[in-house]
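*Asks:* Here's a sequence, model it:
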Amino acid sequence: MNALHFGAGNIGRGFIGKLLADSGIQVTFADINPTQINHINQYRQYGVKIVGESSRIEQVKNIDAINSNDERAVCEKIQQVTLITTAVGPNVLTLLAPLLAKGLLARLAANNLEPLNIIACENMVRGSSFLKAKIFEHLTLAQQHQIEQYIGFVDSAVDRIVPPTDANPDDPLEVTVEEFSEWIVDKTQFKGTIPAIQGMELTDNLLAFVERKLFTLNTGHLICAYLGKKAGVNWIKEAIAIEPIYQAVKATMAESGEVLIKRYNFDPTLHAAYIEKILKRFANPYLNDDVDRVGREPIRKLSPNDRLIKPLLGTIEFNLPHPHLIEGVVMALQYRNTSDPQAVELSEFIANNGIEAAVKTYCQLEDESVITQIAARYSQC
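*Replies:* Sure thing, here's the model as predicted:
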């Protein structure tokens, strides 16, 4: 089995690419970084340093790479593979869509009617469905109908902390990851036989797992980052070691967790144990996870389907308390980082238009009482 994976960065190599290669799949990485591409094609393997209670290095083999700017090479590869995955970031999916549309048409033109599944392994809700919609913008209705028959767009939930680390001069492709990993896919969306991939879990209720991760890991991670930045520390592990931050992060995850318990009938005891597992992951002493890396792109993280507003909307839906989520929204609105274009845009918009206009524009909130709460708290800080 062959797979084409877009994104040869740390997450691509340390998470999805590794799981595919570990399952005996020949993995071709597609990326725009010529150095990464050359290294992959030169060494044909790399180490993944897994850190936790016990650390170890595992080798990833059966790999090569192509430049994703090389349209011919990408289209040829799409004609050959049986699986396409991505780990490029939500914003890049839109840029990738025209190329994938051309590649899929080339595959059909070559009369390759074998099922092909595409899984966007991104930190977003239903990323593969989003990618499908973007691809279809470049296709006629007839082409869309034909692709629907043979191409599966499989939504997934991914969870693994892969922080930036210093390069290993002996292995420039080596990447460090935490021991925990979770890759859950919607088994109802596959075309043809579902591939057997180590570490890939199947479900017919994906949204429950997507929101569990979004409302817990992502929400808590962001709160920890913002509070850590305020406290003047560099790493998530340093922030979570500060007792008031620990308690605030835990309380926020418990608040968003009440939505999950109501919406999906989660067992409260099991969900509390899941929260404890997340807190332990944040405290992993071997991971240098930068607070600014986690806190960046506040506009995306304030969007209605992301880690702050989506659980907040859930508390409104179920008439649940939400003071900690309100605090999280305020901290995102206050996030300042001159090297982050989204942070700059957000701060300039607030300066020119006011905080209530920013909440309505970026968070798309309509509940006036909640908007007033956010604006009042913002003015107090």
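*Asks:* how about the strands in this protein?
*Replies:* All strands of the chain, identified by DSSP state E, fall at 2-6, 26-31, 46-51, 56-60, 63-67, 83-86, 116-120, 151-153, 156-159, 175-178, 182-186, 200-203.
*Asks:* could you dump those strands to TSV with mean neighbour count and distance to residue 227?
*Replies:* No exception for glycine: its C-beta is placed from N, CA and C like everyone else's. Shown next, in TSV, are the strands of the chain (neighbours: other Cβ atoms under 10 Å; distance: least, Cβ to Cβ, whole Å):
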stretch	mean neighbour count	distance to residue 227
strand 2-6	24	34
strand 26-31	24	34
strand 46-51	20	24
strand 56-60	15	32
strand 63-67	19	39
strand 83-86	24	31
strand 116-120	25	31
strand 151-153	21	37
strand 156-159	24	21
strand 175-178	24	21
strand 182-186	21	25
strand 200-203	16	32
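*Asks:* got those as JSON lines, with distance to residue 192 and mean pLDDT columns?
*Replies:* Below are the strands of the chain laid out as JSON lines (distance: least, Cβ to Cβ, whole Å; pLDDT from 0 to 100):
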{"stretch": "strand 2-6", "distance to residue 192": "14", "mean pLDDT": "98"}
{"stretch": "strand 26-31", "distance to residue 192": "18", "mean pLDDT": "98"}
{"stretch": "strand 46-51", "distance to residue 192": "29", "mean pLDDT": "95"}
{"stretch": "strand 56-60", "distance to residue 192": "26", "mean pLDDT": "96"}
{"stretch": "strand 63-67", "distance to residue 192": "24", "mean pLDDT": "98"}
{"stretch": "strand 83-86", "distance to residue 192": "10", "mean pLDDT": "98"}
{"stretch": "strand 116-120", "distance to residue 192": "8", "mean pLDDT": "98"}
{"stretch": "strand 151-153", "distance to residue 192": "8", "mean pLDDT": "98"}
{"stretch": "strand 156-159", "distance to residue 192": "17", "mean pLDDT": "94"}
{"stretch": "strand 175-178", "distance to residue 192": "30", "mean pLDDT": "94"}
{"stretch": "strand 182-186", "distance to residue 192": "14", "mean pLDDT": "96"}
{"stretch": "strand 200-203", "distance to residue 192": "14", "mean pLDDT": "97"}
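*Asks:* Take those strands and write them to JSON lines, including distance to residue 305.
*Replies:* Shown next, in JSON lines, are those (distance: least, Cβ to Cβ, whole Å):
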{"stretch": "strand 2-6", "distance to residue 305": "22"}
{"stretch": "strand 26-31", "distance to residue 305": "27"}
{"stretch": "strand 46-51", "distance to residue 305": "31"}
{"stretch": "strand 56-60", "distance to residue 305": "32"}
{"stretch": "strand 63-67", "distance to residue 305": "32"}
{"stretch": "strand 83-86", "distance to residue 305": "18"}
{"stretch": "strand 116-120", "distance to residue 305": "14"}
{"stretch": "strand 151-153", "distance to residue 305": "18"}
{"stretch": "strand 156-159", "distance to residue 305": "14"}
{"stretch": "strand 175-178", "distance to residue 305": "25"}
{"stretch": "strand 182-186", "distance to residue 305": "17"}
{"stretch": "strand 200-203", "distance to residue 305": "20"}
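*Asks:* Many thanks, have a good one.
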